[in-house]
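Chemist: Sequence plus the predicted model coming up.
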Amino acid sequence: MELPDPALVVLVGPAGAGKSAWAAARYRDAEIVSSDALRERVGTGPADLDAGDDAFAVLEAIVAARLRRGLTTVVDTLGLDTGRRRAWLAAGRAAGMPCVATVFDTPAAVCRARNRGRDRPVPAPALASQVKRMPGVSAEIATEQWSLVVREDGGPAPIAAPAPVPDNRAKPVFADPGRLSFVLQVSRFPWGEEPAAWLTSVALAAEDAGFAGLALMDHLIQIPQVGRPFEAIPEPLVTLGLLAGATSTLHLGTLVSPATFRPAGVLAKSFATLDALSGGRAFCGLGAGWWEREHAAFGLPFPAPRERVDLLEQAIPVMRALWAKGTKPAAGLPESTSYPRPVGALPIIVGGTGPRLLRLAAALGDACNVPAARVGEVGPQKRVTVLDVPVLGEDRDHVATLVERLRGRTDAATFAARHHAGTADRHVARYRGLVDAGACTVFVAPADLSGPDDVARWAPITAALSS
């Protein structure tokens with residue numbers, strides 16, 4: 001249907017009805033007077049309801065000025081307010097212009113689907129109210145003196161892009177009973193002049209060697225158990241974003257992120273983004289934090305142990321709420337609007353060994369991370385992961401060489417025992433014992449990791465236990 005031009009065109013329909021897209025396909029930007037666009041001009045964005053009064057004041061001024069000049073004017077608002085709509089009609093008639101009401105009979109399900117795809121959706125109850133009002137508004141319009149009433153169905157329902165899924169060669173981050181998944185824990189970063197190239201080469205070597213995932217520590221200063229304070233330790237979420245683009249099968253996450261570093265909602269947003277960008281390959285390790293020095297150095301509070309565990313216990317429900325469907329109040333939040341959502345269930349691994357932490361992991365987490373010696377204490381109700389810092393040599397001579405190179409001031413026998421120094425056969429036998437004790441995943445932090453070749457040596461071990 002060809003519409004009169006110039007004319008006053010008033011759009012009428014709920015949020016998500018397709019009004020703005022319809023107008024943009026038919027009219028120039030200068031001819032469209034949009035309340036959302038004006039909220040963005042006078043406020044913080046198109047959804048800034050606090051800017052509504054100012055936005056409508058500007059809108060009314062623009063509409064009046066254009067009508068006085070006989071210019072085509074497309075009013076892009078909900079159009080449900082009877083008083084405003086009839087005032088625009090009266091102004092258009094007074095200007096001697098054709099007045100067109102374009103009513104959108106878009107199915108409610110389509111409106112809801114489009115609304116969900118917005119950066120800041122209209123609250124579901126508000127949208128439901130708008131949809132409910134449409135029959136009454138349509139009846140009112142039929143009694144008003146419009147030159148023309150056009151009815152639109154709002155176009156086809158939006159076709160959602162298929163959610164990215166992990167590569168079908170990916171191994172599960174939590175192995176089935178009787179098997180073991182291996183996650184490479186990268187704790188030291190001897191990357192030289194090319195940090196990104198070193199990280200990428202190590203991650204690709206982990207994929208080739210059969211690792212199910214790659215994890216990073218979340219510390220602000222390199223910890224003394226691993227290296228010296230002036231050695232590099234990159235921010236983990238930024239680094240994992242790099243590796244998400246470089247890999248296709250590795251699950252990616254932290255072991256562990258202290259609840260004291262970031263607000264729970266900010267951390268939830270970061271991990272949800274990582275999950276979306278990696279096609280559902282993110283996991284989140286969470287802990288209470290333990291190292292006072294890094295908190296002090298970066299100006300972060302370092303509460304007493306009990307309060308740090310309280311923060312952890314409060315963080316998990318907040319993160320789950322922001323990852324769940326809907327935007328309703330939850331976990332003490334006034335709303336739970338956070339997009340993108342994770343692709344699927346994003347697992348949380350709780351790190352720690354105290355009785356309260358183990359209870360917390362059982363109640364709120366998907367798994368817990370404990371030392372190998374304590375695997376049997378957790379019980380069968382929760383998945384168990386283990387952090388291991390081994391030395392792996394190709395033969396006995398190579399093992400001895402590695403121990404001598406790495407032991408520092410620790411005597412050779414003590415260092416070898418602490419890091420279970422041995423060949424692949426010895427490590428396979430040890431890991432079978434962990435499987436029997438109930439472990440499903442080992443986070444392997446090789447004590448000698450300097451590059452991809454050190455990762456490649458693990459291929460026979462992952463093959464023996466994960467398949």
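Modeler: Looks like it came in fine. Numbers count the residues shown, from 1 in each chain.
Chemist: In PDB, please show the C-alpha coordinates belonging to stretch 192-203.
Modeler: What follows is stretch 192-203, C-alpha atoms only, in PDB (Å, rounded to 0.1, in the frame of the first residue of the first chain):
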ATOM      1  CA  GLY A 192      60.100 -13.800  26.200                       C
ATOM      2  CA  GLU A 193      59.400 -11.100  23.600                       C
ATOM      3  CA  GLU A 194      56.200 -12.700  22.200                       C
ATOM      4  CA  PRO A 195      53.600 -13.300  25.000                       C
ATOM      5  CA  ALA A 196      50.600 -14.000  22.700                       C
ATOM      6  CA  ALA A 197      52.600 -16.400  20.500                       C
ATOM      7  CA  TRP A 198      53.900 -18.300  23.500                       C
ATOM      8  CA  LEU A 199      50.500 -18.600  25.100                       C
ATOM      9  CA  THR A 200      48.900 -19.800  21.800                       C
ATOM     10  CA  SER A 201      51.600 -22.400  21.200                       C
ATOM     11  CA  VAL A 202      51.200 -23.800  24.600                       C
ATOM     12  CA  ALA A 203      47.400 -23.900  24.300                       C
END
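Chemist: List the buried residues of that stretch.
Modeler: Within stretch 192-203, the residues scored as buried using 16 or more other C-beta atoms under 10 Å are 198-203. For glycine as for every other residue, the C-beta is placed from the backbone atoms N, C-alpha and C.
Chemist: what comes up buried for stretch 287-306?
Modeler: By neighbour count with 16+ other C-beta under 10 Å, stretch 287-306 contains the buried residues 287-291, 294-295, 302.
Chemist: mind checking how far it is from the chain centre?
Modeler: What separates the centre of stretch 287-306 from the centre of its chain is 25 Å, taken as C-alpha atoms, centre = their mean, to the nearest Å.
Chemist: Endpoint to endpoint, it covers what distance?
Modeler: 13 Å (C-alpha to C-alpha, to the nearest Å).
Chemist: contacts for that stretch?
Modeler: Contacts to stretch 287-306, defined as C-beta atoms under 8 Å, 6 or more residues apart in numbering, come from residues 219-221, 223, 256-261, 308-309, 311-312, 350-352, 357.
Chemist: Can you flag the buried ones in the residues you listed?
Modeler: Using 16+ other C-beta under 10 Å, the buried ones in the contacts of stretch 287-306 are 219-221, 223, 256-261, 308-309, 311-312, 350-352, 357.
Chemist: Out of those residues, name the ones that lie in helices.
Modeler: 308-309, 311-312, 357 (DSSP state H).
Chemist: Pick the one among those residues closest to Phe174.
Modeler: Leu357 (18.9 Å; C-beta to C-beta).
Chemist: Isn't that closest one up against Val350?
Modeler: Yes. At 6.5 Å, Leu357 counts as touching Val350 under the criterion of C-beta atoms under 8 Å.
Chemist: Overlap in contacts, these two.
Modeler: The contact lists of Leu357 and Val350 share 312, 368, where a contact means C-beta under 8 Å, 6+ apart.
Chemist: separation between Glu404 and Val226?
Modeler: 19 Å (C-beta to C-beta, to the nearest Å).
Chemist: Any regions of the stretch 51-200 of the chain where pLDDT drops low?
Modeler: 154-170 (pLDDT under 70).
Chemist: and if we set it to 90?
Modeler: 51-52, 109, 112-113, 115-128, 153-172, 177 (pLDDT under 90).
Chemist: can you pull the contacts of the spatially most central residue of the chain?
Modeler: What sits nearest the mean C-alpha location of the chain, by C-alpha atoms, centre = their mean, is Ala272, with 1.0 Å. For Ala272, the contact set (C-beta under 8 Å, 6+ apart) comprises 282, 322-323, 338, 340-342, 346.
Chemist: Could you save these as CSV and add columns showing secondary structure and distance to Leu180?
Modeler: Formatted as CSV, the contacts of Ala272 follow (DSSP: H, G, I helix; E, B strand; the rest coil; distance: C-beta to C-beta, whole Å):
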residue, secondary structure, distance to Leu180
Ala282, strand, 21
Leu322, helix, 32
Trp323, helix, 27
Ser338, coil, 34
Pro340, coil, 32
Arg341, coil, 30
Pro342, coil, 25
Leu346, coil, 22
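Chemist: Now flag whichever of the residues you listed is closest to His419.
Modeler: Of the contacts of Ala272, the one sitting nearest to His419 (C-beta to C-beta) turns out to be Ala282, at 29.2 Å.
Chemist: could you say which helix or strand contains the residue nearest to that closest one when sequence neighbours are not counted?
Modeler: Counting by C-beta to C-beta, 6 or more residues apart in numbering, Asp275 is the residue found nearest to Ala282 once chain neighbours are left out, at 3.7 Å. Secondary structure assignment for Asp275, by DSSP states H and E: helix 264-278.
Chemist: can I get the CA coordinates of that helix in CSV?
Modeler: The C-alpha trace of helix 264-278 is given here as CSV (Å, rounded to 0.1, in the frame of the first residue of the first chain):
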residue,chain,number,x,y,z
ALA,A,264,30.3,-11.2,41.9
GLY,A,265,28.2,-9.6,39.2
VAL,A,266,31.3,-8.3,37.3
LEU,A,267,32.9,-11.8,37.5
ALA,A,268,29.7,-13.4,36.2
LYS,A,269,29.6,-11.0,33.3
SER,A,270,33.2,-11.8,32.4
PHE,A,271,32.7,-15.6,32.5
ALA,A,272,29.4,-15.4,30.6
THR,A,273,31.2,-13.4,27.8
LEU,A,274,34.0,-16.0,27.7
ASP,A,275,31.5,-18.8,27.5
ALA,A,276,29.6,-17.1,24.6
LEU,A,277,32.8,-16.2,22.7
SER,A,278,34.3,-19.7,23.1
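Chemist: Mind checking which of the contacts of stretch 287-306 are in strands?
Modeler: Judged by DSSP state E, these include 257-258, 350-351 as members of strands.
Chemist: quick check, nearest of those residues to Pro123?
Modeler: Using C-beta to C-beta, those come closest to Pro123 at Ser257, 30.9 Å.
Chemist: check contacts around that closest one.
Modeler: Contacts of Ser257 (C-beta under 8 Å, 6+ apart): 218, 236, 267, 284-287.
Chemist: Identify the farthest-apart pair in the ones in strands among the contacts of stretch 287-306.
Modeler: Checking these with C-beta to C-beta, the most distant pair is Pro258 and Val350, at 12.0 Å.
Chemist: Contact partners for the residue nearest to Ala282?
Modeler: By C-beta under 8 Å, 6+ apart, the contact list for Asp275 reads 281-282, 342-344, 346.
Chemist: just Phe189 next, same as before
Modeler: Phe189 makes contact with 195, 198-199, 231-234 under the criterion C-beta under 8 Å, 6+ apart.
Chemist: tell me the secondary structure for it?
Modeler: Following DSSP: H, G, I helix; E, B strand; the rest coil, Phe189 is assigned to coil.
Chemist: And for Leu387?
Modeler: Assignment for Leu387 (three-state DSSP): strand.
Chemist: go on, Phe283?
Modeler: Under three-state DSSP, Phe283 comes out as strand.
Chemist: quick one: it from Thr385, how far?
Modeler: From Phe283 to Thr385 the distance is 10 Å (C-beta to C-beta).
Chemist: With Gly79 instead?
Modeler: Gly79 is 56 Å from Thr385, by C-beta to C-beta.
Chemist: Just give the number of residues close to Leu89.
Modeler: 19 (other C-beta atoms under 10 Å).
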